[in-house]
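Student: missing the sequence, but the structure's below:
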């Protein structure tokens with residue numbers, strides 16, 4: 001988490017000036033009337049546990065979320081639940097059922113909501129389903145479409161992976177292998193997607209969830225409508241004249257009378273990074289304007305501030321926005337300005353709460369973020385895998401986090417081999433090295449946490465190490481696909497194994 005300019009910087013050494021944990025564990029009421037027991041939110045993480053090419057939640061999801069329910073979080077978010085089965089991200093997404101009238105199709109979602117609530121639904125965490133659409137970032141081969149069927153997007157602008165802002169030969173090849181040029185959405189396409197988000201909200205309410213979060217970040221479909229980089233339309237959905245039109249339609253349709261209960265929680269995940277890409281300085285006024293417009297609708301309970309996209313994947317990296325970057329400066333300061341501007345706005349009956357996600361990895365940073373007005377809610381992602389019982393642990397240990405477990409012992413031959421390969425790689429002139437885009441490195445880091453979630457899902461609740469070990473390895477991306485979801489077919493499993501083997505070869509001998 002970056003520090004902020006001025007006297008109210010978020011720094012670890014400020015802990016002695018703060019009242020430890022009292023703000024973190026204070027309750028808070030959302031505009032819809034629902035209450036959050038504390039400010040700690042387990043935000044969305046891609047679980048990679050569903051069947052290949054998408055499916056419903058299964059017992060692996062139930063086991064995983066039971067751990068977080070035991071942790072006494074204020075809110076618990078699912079990973080991204082795709083509203084359309086032909087626009088997945090990495091193949092193992094949870095997908096809405098086609099028919100909401102089928103009790104058997106909806107039952108897995110009800111079981112997931114039950115697992116997230118644990119034994120204390122009335123006083124426990126609020127269960128929030130995150131709704132998403134992959135858009136142009138729905139990958140080739142894993143996105144749920146037949147080969148050569150293009151994904152949908154506001155404009156026919158393909159994803160272009162880059163390395164430090166430059167498209168290298170390797171990033172250009174990977175862009176072609178992973179992403180197709182999308183087709184521009186028609187008005188009928190847009191209407192269908194809006195209805196799909198409404199369908200997701202209805203399913204959530206029917207299944208016992210307390211609310212939904214609309215994913216408008218990380219370059220996915222809703223975010224791509226808001227960015228001139230991916231939306232060059234000239235109609236009412238133009239990113240230049242009305243960038244929030246598509247999002248406003250989705251939110252209004254969910255809040256329409258009779259769709260969901262009046263106390264149903266509705267949030268939005270925004271992407272701070274979209275407002276600095278391609279600009280010499282962060283366009284903070286533009287993103288603040290969007291937040292104020294969203295708040296003025298008086299329909300949203302919280303706004304989560306995140307960052308990154310597949311083209312610049314800060315959200316997938318282990319440390320979040322890079323230190324010293326323009327993106328980091330905006331990410332650090334934006335939430336404070338947004339919260340302050342919403343508090344002073346006369347146009348809203350009650351302002352949405354600001355949920356800050358990224359880098360809050362110590363109790364001192366958490367308390368500082370609240371006491372200095374940077375956020376109302378504290379989003380915890382990967383730390384929630386290492387410490388699924390984080391809120392409970394903080395209260396029982398007087399605000400002290402257990403240390404990370406020591407790195408496991410590795411054989412000397414294996415260490416020597418990797419060191420030799422790295423030395424040979426370093427001897428190759430930079431001009432001749434294929435430079436992988438950040439997506440590759442970020443994906444390897446993300447895979448380590450997804451494998452940790454898989455291990456966590458099969459362990460009994462309450463009987464795990466004090467701090468769950470997460471050890472990144474080069475092989476994680478390939479190993480991640482050697483997984484057969486409960487109830488999946490053997491043929492599907494072996495197809496995935498073959499794809500994983502190809503990925504392993506590429507990562508081991510091309511990406512070091």
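Tutor: Done, it's in. The shown structure was predicted, so the numbers you read here are calculated from the model rather than taken from an experiment.
Student: Identify the residues contacting residue 266.
Tutor: 32, 201, 211-214, 251, 254-255, 260, 299-301 (CB atoms under 8 Å, 6 or more residues apart in numbering). From N, CA and C alone the C-beta is placed, and that goes for glycine too.
Student: try 7 Å this time
Tutor: 211-212, 251, 254-255, 299-301 (CB atoms under 7 Å, 6 or more residues apart in numbering).
Student: In strands, which of those fall?
Tutor: Mapping the contacts of residue 266 onto strands (DSSP state E) picks out 211-212.
Student: Closest to residue 478 out of the contacts of residue 266?
Tutor: Set against residue 478, the nearest of those by CB to CB is residue 212 (33.5 Å).
Student: what number of residues lie near that closest one?
Tutor: Around residue 212 there are 27 other residues, counting by other CB atoms under 10 Å.
Student: Residue 214 too?
Tutor: Other residues within reach of residue 214, judged by other CB under 10 Å, total 24.
Student: Going by secondary structure, residue 128 is in what exactly?
Tutor: strand 126-132 (DSSP states H and E).
Student: That strand - contacts with which helices or strands?
Tutor: strand 75-82, helix 103-117, helix 187-207, strand 211-216, strand 265-271 (3 or more CB pairs under 7 Å, 6 or more residues apart in numbering; DSSP states H and E).
Student: got a list of contacts for the longest one?
Tutor: Spelled out, that is helix 187-207. Helix 187-207 has contacts (CB under 7 Å, 6+ apart) with 81, 83-84, 96, 100, 106, 109-110, 113, 129, 131, 133, 152, 212, 214, 221, 237, 246, 249-250, 253-254, 259-261, 264.
Student: redo that, cut-off 8 Å
Tutor: By CB under 8 Å, 6+ apart, the residues outside helix 187-207 that reach it are 81, 83-84, 96-97, 100, 106, 109-110, 112-113, 129, 131, 133, 152, 185, 211-212, 214, 221, 237, 246, 249-250, 253-254, 256, 259-261, 264, 266.
Student: List buried residues within those.
Tutor: 81, 83-84, 96-97, 100, 106, 109-110, 112-113, 129, 131, 133, 152, 185, 211-212, 214, 221, 237, 246, 249-250, 254, 260, 264, 266 (16 or more other CB atoms under 10 Å).
Student: Using a markdown table, lay out the helices and strands packed on strand 126-132 together with mean pLDDT and distance to residue 478.
Tutor: What follows is those, written out as a markdown table (pLDDT from 0 to 100; distance: least, CB to CB, whole Å):
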| stretch | mean pLDDT | distance to residue 478 |
| --- | --- | --- |
| strand 75-82 | 97 | 21 |
| helix 103-117 | 96 | 28 |
| helix 187-207 | 98 | 32 |
| strand 211-216 | 97 | 27 |
| strand 265-271 | 93 | 29 |
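Student: Sheet-wise, list the partners of the strand holding residue 128 with their directions.
Tutor: strand 75-82 (parallel), strand 211-216 (parallel) (DSSP bridges).
Student: between the shortest one and helix 187-207, how big is the angle?
Tutor: Between the axis of strand 211-216 and that of helix 187-207 there is an angle of 150 degrees, by axes from the mean of the first three to the mean of the last three CA atoms, to 10 degrees.
Student: ok and strand 211-216 relative to strand 265-271, angle-wise?
Tutor: Going by the same axes, to 10 degrees, strand 211-216 makes 20 degrees with strand 265-271.
Student: roughly how far out does strand 211-216 sit from the chain middle?
Tutor: 11 Å (CA atoms, centre = their mean, to the nearest Å).
Student: any residues touching that strand, and which ones?
Tutor: Contact partners of strand 211-216, identified using CB under 8 Å, 6+ apart, comprise 32, 34, 44, 77, 80, 126-133, 197, 200-201, 204, 222-223, 226, 247, 250-251, 254, 264-271, 301-302, 304.
Student: cool, the first one as well?
Tutor: By CB under 8 Å, 6+ apart, the list of residues contacting strand 75-82 from outside reads 36, 41-47, 54, 65, 68-69, 88-89, 93-96, 112, 116, 125-134, 200, 213, 215, 220, 377.
Student: These, buried ones only, as a ChimeraX selection?
Tutor: Entered in ChimeraX, the line below selects the buried ones among these, by 16+ other CB under 10 Å:
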select :36,41,42,43,44,45,46,47,54,65,68,69,88,89,93,94,95,96,112,116,125,126,127,128,129,130,131,132,133,134,200,213,215,220,377
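Student: Give me the distance between residue 294 and residue 342.
Tutor: Applying CB to CB, to the nearest Å, the value for residue 294 to residue 342 is 10 Å.
Student: Could you tell me which residues touch both of these two?
Tutor: Residues touching both residue 294 and residue 342 (CB under 8 Å, 6+ apart): residue 352.
Student: Leaving out the residues flanking it, which one is nearest to residue 93?
Tutor: Sequence neighbours aside, residue 82 is the residue nearest to residue 93 in space, at 4.7 Å (criterion: CB to CB, 6 or more residues apart in numbering).
Student: make that residue 353, sorry
Tutor: Of all residues not flanking residue 353 in the chain, residue 376 sits nearest, at 3.9 Å (CB to CB, 6+ apart).
Student: and the one you found, how far is that from residue 293?
Tutor: Residue 376 is 19 Å from residue 293, by CB to CB.
Student: go on, residue 454?
Tutor: Taking CB to CB as the measure, residue 454 falls 40 Å from residue 293.
Student: neighbour count winner among the two?
Tutor: residue 454 (18 against 15).
Student: and the more buried one, what helix or strand is that in?
Tutor: Element membership of residue 454, judged by DSSP H and E, is helix 438-457.
Student: And residue 235, by the same measure?
Tutor: Using DSSP H and E, no helix or strand contains residue 235.
Student: Name the nearest residue to residue 389, sequence neighbours excluded.
Tutor: Residue nearest to residue 389 in three dimensions, not counting chain neighbours: residue 71, with 4.1 Å by CB to CB, 6+ apart.
Student: By mean pLDDT, which helix or strand of the protein comes out lowest?
Tutor: When each helix and strand of the chain is scored by mean pLDDT, DSSP states H and E, helix 490-509 comes last, with a mean of 58.
Student: Show residues contacting stretch 26-35.
Tutor: By CB under 8 Å, 6+ apart, the residues outside stretch 26-35 that reach it are 36-39, 74, 126, 210-211, 262-266, 298, 300-302, 349-353, 376-377.
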